[in-house]
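**Student:** Structure for this input, please:
(3 chains)
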Amino acid sequence: MLKQIWLVPALPLAGFVVSLFAGKRLGRYAGWLASALVVAAFGVATAIFLDLASLPDTNRLVVRRLYEWIAVGGFHVAVDLRVDPLSMTMALVVTGVGAVIHVYSIGYMRGDPRYGRFFAYMNLFVFFMLTLVLAENFLLLYLGWEGVGLCSYLLIGFWHERPAAASAAKKAFVVTRIGDTFMLIGIALTFLRLGSLDFNQVLSASVCRSNGFCPPTSQPPGVFTVIALLLFAGAIGKSAQVPLHVWLPDAMEGPTPVSALIHAATMVTAGVYLVARTHVFFENSGVALTVVLVVGLITAIYAATVALAQDDFKRVLAWSTISQLGFMFLALGLRAYWSAVFLLVTHAFYKALLFLSAGSVMHALDGETDLKRMGGLRRTMPLTAVVCSIGALALAGIPPFAGFFSKDDVLAAANQTGHVLAWVIALAAAFFSALYMARLVFLAFFGEDRTERRAHESQPVMTVPLVLLAIGAAFGGFLGANETRGLLQTFLAPVLGRVPEPTQGLSGHTLAGISVGVAALAIVVGWLVYGSGRIDWVALRVRLSSLHRFLARGWYVDDAYGAVLVSPGKAGSAFLAYVVDARVVDGAVNATGRLVRWLASVGRRVQTGFVRNYALAIFLGALALLVYVGFRV
Amino acid sequence: MRTPIAYFLVVSAALFTIGSVGVLVRKNALVIFMSVELQLNAVNLALVAFSRMHGALDGQVLAFFSMVVAAAEVVVGLAIIVSVYRRRQSANVDDVNLLKW
Amino acid sequence: MAADWIVFWVCAPISIGSAIAMLLQRNAVHAALFLVINLFTVAVLYLVLGAPFLFAVQIIVYAGAIMVLFLFVIMLLGVDREESLVERLRGQRTIAILLGLGVVGEIVFAIRAGLGFATRAPGGFEAANGGGNPQALGRLLFRTYFLPFEVTSILLIIAAVAAMVLARRRVRPDPLPEHRVPGPVEPPEPPEPAASLEPREEEPVG
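**Tutor:** Numbers count the residues shown, from 1 in each chain, chains lettered A, B, ... in the order given. Coordinates of the predicted model:
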């Protein structure tokens, strides 16, 4: 089955094509078709995964060439698909979570006039994401990268009649573009310096051993730093890290399944995948690793504080995603690549779950997302309340749910590699994470009923996916339970390196205890403030209003961008459009026209109509000719 | 013969020039045509003079042909002038200026 | 004094003088008559140059036929029309005269460069004129230049046909203004207005 890896991206692509052309005619069945194709892709991926796992440890790499794409001079790029542990893990996550979300969307998007097109875009997205993770060379990866960016734009702005959605889509595209440009430069540099874009050649030639020994390369010292940082810039954009994070909260204007699939589980994790895949570059350059670490850490704590002050259900989750991605990059920066991937997988489960529950709530409340207008929903939507709580607990890191194992892994890595300060800050971020999730759950599902409508539980086509994801969120942690001998870590070892035994810091159990304690403390605080009704949090907010506003506006980062970059940019564009284009360019063109006309009006006076003038001209010419001949002779 | 050939050529040049000026200055179509005939004559004179200089009769033959062609040309040209006159009731060359811009 | 010297110095000035006079006449008939004088003198110059046949042809064809044709047409077009002396085209006269001076200067320069003015007069023509000038011309014409000869005959026929076509009357004649008949029958194409057209002041070329 390994050879049929091409089926995995091909199935959703076929779905896209069919939905594009026959979407209207398929009507309701478009959703089922799209979901079925993704499920089929998941099935094929599973079979391939099993086949791969049956191969011996050191031999788990299959590259399947589809065709020669570009062959120009010394530049050869083929469409190659790579089957190895990391790519298969990612593929399974994408197709698995993707399939579940597709099924959910059948119910969520029912009644939408562009139903078919929605599923076309969703399938296209899955295709591009799979291309991204299965690519064997940088160019194909970049193709997938740009493709998912495109689909993100299309899907965020799916309801493009709403100006907020349209501008959010544009913002997402533009901001990620900034990162993508740097990434492209990085890819070009890779080709220039290392001579090839194929992972097989590039990533092994620059391999550092896991004990830190890097072979002396023929490259000047800074090359890997530059390449790594450029690629990381692309990751910053796509994975919404500081400073290119501003698009993700606005992207919540899109339909909720889109938020779940693209902006929680898959697309935003592309950056993490990229760094994990090219970690040898980062290993060769200590600076790059440090940068990754710092960026991840800052993002984690920053986004967590902002999430605390959000009133919109989905925005809490958006900022939470940013923060969790920060954790993943923190792990990458700590050289704990397997932890990052593990967190990625578990995060996919519980974040998708949380988003889908949000969708469930919104569906029931006619699109309401304001937490202040929810409350007591556990009475009317018990199932949603339960699964959402499971997701929240998982995110907070309470055992035995998935988040405990994965987040704990990251915190342990911080502590046990000696980065104590990072560990402390990460713990604080974990505290806030638990706190805002507790706040979310208590405000939405507990307490008195502040809703304006009567809520109801969702239809089965939406609740079944929720349950499936809840199972994943609940038990997914056992995939990597023990950090050195967990299933996932062992499986990924050929690609990401063996997990070293901890040599310093606190012991694993102590660390686990601290993490759980912090999380539990946060939940208790959340219960006290938001759930029990004993503390008037509204009044508290009023008293701390400037702090609250500071947090709620994302520490005014977006506003700063607006003032420093966007407004001058718009002014510049206006200048270019109305002055340079209208006056200078158009003026030049019009002036050319006028010049021609003027020349013609002068020139036409030659045609006097008088024969004698013409005769004079002829004679003058003849005379000139005579003179010329005379002088030559 | 005592007169150098160059003298005949000078006469020819003078006649030719006078004919050219006549073409450019006069307004009556017929007089212009007559000036053209004058030019042709001048050329014929030059041809015969050269024929004498070289001692061969080819120049004279050429002059002969020139005369024949001039005759044909006069016929056609006068026919044109007559038909233009019928249209515009004027033999003034400045009156046929419809190709003016 | 050689005969040709005297004849030349009599005929050349007359020739040039009559040409200038033709230029300056306001009446077309007078101009034609001066041209006839010029043609006669040029014919004499042919004779001096040893081309008696051309002398005869010039008088018979040019002066006799062509100029007569000219006079007929002048008669048709109005014998007593005087050409106005006002020059409407700015600069035309001055440039024309300058041009004339330029052309003559150029040709004289060319003659001087090519021939020089003090060449001895050329020798006789007797060898070429063997058997008489017309006979020699005939030999040349019907042997070496036979094709052009035939072509010119075709040319003459074409010219005759062309003249007939160009000058024929239409089926419905354009009535001259003074002959227009007032009545129900209107001419289909009224003629253009007559010499009331004034040539406008225009920039000449150059």
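**Student:** Let me know the pLDDT of residue 57.
**Tutor:** This is for chain A. pLDDT for A:Asp57: 69.
**Student:** Correction: the question concerned chain C.
**Tutor:** C:Val57 is assigned 94 on the pLDDT scale.
**Student:** what helix or strand is residue 48 on?
**Tutor:** You didn't say which chain, so I picked chain A. Element membership for A:Ile48 (DSSP states H and E) is helix A:29-53.
**Student:** wait, chain B
**Tutor:** helix B:29-54.
**Student:** Now the helix or strand following that helix: buried residues?
**Tutor:** From helix B:29-54 onward toward the C-terminus, using DSSP H and E, the following helix or strand is helix B:58-88. With burial defined by 16 or more other CB atoms under 10 Å in any protein chain shown, the residues of helix B:58-88 counted as buried are B:59-65, B:67-68, B:70-82, B:84-86, B:88. Heads up, the C-betas are built off the backbone N, CA and C, glycines and all.
**Student:** Just the pLDDT for the nearest residue to A:Trp537 once chain neighbours are set aside.
**Tutor:** Distances taken as CB to CB, 6 or more residues apart in numbering or on different chains place A:Val529 nearest to A:Trp537, at 5.3 Å, with adjacent residues excluded. For A:Val529, the pLDDT comes out at 83.
**Student:** Contact partners for the nearest residue to A:Leu496 once chain neighbours are set aside?
**Tutor:** Computed as CB to CB, 6+ apart, the closest residue to A:Leu496 that is not its neighbour in sequence is A:Tyr337, at 4.2 Å. Going by CB atoms under 8 Å, 6 or more residues apart in numbering or on different chains, A:Tyr337 touches A:276, A:279, A:331, A:492, A:496-497.
**Student:** Give me the spatial nearest neighbour of B:Ser51, chain neighbours excluded.
**Tutor:** B:Ser51 sits nearest to B:Gly59 (CB to CB, 6+ apart), 2.6 Å away.
**Student:** Could you check the pLDDT of the one you found?
**Tutor:** pLDDT recorded at B:Gly59 is 90.
**Student:** thought it was touching B:Phe50?
**Tutor:** Yes: with contacts counted by CB atoms under 8 Å, B:Gly59 reaches B:Phe50, the gap being 5.0 Å.
**Student:** What count of nearby residues applies to C:Phe149?
**Tutor:** 16 (other CB atoms under 10 Å in any protein chain shown).
**Student:** How about the helix or strand containing it and chain B, touching?
**Tutor:** Assessed by DSSP H and E, C:Phe149 sits inside helix C:146-167. Yes: applying CB under 8 Å from any CB of the partner chain, one finds helix C:146-167 in contact with chain B at C:148-149, C:152, C:155-156, C:158-160, C:162-163, C:166-167.
**Student:** distance between that helix and the chain's centre?
**Tutor:** In terms of CA atoms, centre = their mean, to the nearest Å, the centre of helix C:146-167 is found 19 Å from the chain centre.
**Student:** for that helix, packing partners?
**Tutor:** helix B:58-88 (3 or more CB pairs under 8 Å, 6 or more residues apart in numbering or on different chains; DSSP states H and E).
**Student:** which other helices and strands contact the helix it packs on?
**Tutor:** helix B:29-54, helix C:52-57, helix C:67-77, helix C:133-143, helix C:146-167.
**Student:** So A:Arg65, which state does it fall into?
**Tutor:** Assigned with DSSP: H, G, I helix; E, B strand; the rest coil, A:Arg65 falls in the strand class.
**Student:** show me what contacts it?
**Tutor:** A:78-80.
**Student:** can you tell me which residue is nearest the centre of chain A?
**Tutor:** Centroid-nearest residue in chain A, with CA atoms, centre = their mean: A:Val268, separated by 2.1 Å.
**Student:** So, low pLDDT: which residues of chain B?
**Tutor:** Applying pLDDT under 70 to chain B flags residues B:1.
**Student:** Chain C too?
**Tutor:** By pLDDT under 70, the low-scoring segments of chain C are C:1, C:80, C:116-131, C:171-206.
**Student:** And it, split by domain according to the record?
**Tutor:** Using automatic domain parsing, the domain ranges for chain C come out as C:1-80, C:132-169.
**Student:** Quick check: which of those has the most neighbours on average?
**Tutor:** domain C:1-80 (a mean of 19; mean count of other CB atoms under 10 Å in any protein chain shown).
**Student:** about what we covered before: and the helix holding A:Ile48, what does it pack onto?
**Tutor:** Packing partners of helix A:29-53 (3+ CB pairs under 8 Å, 6+ apart): helix A:7-26, helix A:85-108, helix A:115-134.
**Student:** Looking at that helix now, give me its mean pLDDT.
**Tutor:** Here the average pLDDT along helix A:29-53 is 89.
**Student:** Quick one: work out the angle between it and helix A:85-108.
**Tutor:** Helix A:29-53 runs at 160 degrees relative to helix A:85-108, counting by axes from the mean of the first three to the mean of the last three CA atoms, to 10 degrees.
**Student:** Just checking the distance from helix A:29-53 to the centre of its chain.
**Tutor:** The answer for helix A:29-53 is 22 Å, by CA atoms, centre = their mean.
**Student:** before we move on, what about stretch C:51-66?
**Tutor:** On the basis of CA atoms, centre = their mean, the separation between the geometric centre of stretch C:51-66 and that of its chain is 13 Å.
**Student:** What lies in contact with that stretch?
**Tutor:** Under CB under 8 Å, 6+ apart, the answer for stretch C:51-66 is B:37, B:41, B:44, B:48, B:51-52, B:60, B:63-64, B:67, B:70-71, B:74, C:36, C:39-40, C:42-44, C:46-47, C:133-134, C:137.
**Student:** can you rerun that using 6 Å?
**Tutor:** With CB atoms under 6 Å, 6 or more residues apart in numbering or on different chains as the contact definition, stretch C:51-66 has outside contacts at B:48, B:60, B:67, B:71, B:74, C:36, C:39, C:43, C:46-47, C:133-134, C:137.
**Student:** Now compare the residues you listed and name the two farthest from each other.
**Tutor:** Farthest apart among the contacts of stretch C:51-66 by CB to CB are B:Val74 and C:Asn133. That separation is 25.6 Å.
**Student:** picking up where we left off before, tell me the spacing between the residue nearest to A:Leu496 and A:Val275.
**Tutor:** Per CB to CB, to the nearest Å, A:Tyr337 is found 8 Å from A:Val275.
**Student:** if we can go back for a sec, among the contacts of A:Tyr337, find the lowest-pLDDT one for me.
**Tutor:** Minimum pLDDT across the contacts of A:Tyr337 falls on A:Gly497, with 71.
**Student:** Count residues in the vicinity of that residue, would you?
**Tutor:** Neighbours of A:Gly497 under the rule other CB under 10 Å: 21.
**Student:** can you list contacts of stretch A:624-633?
**Tutor:** Residues contacting stretch A:624-633 (CB under 6 Å, 6+ apart): C:106, C:110.
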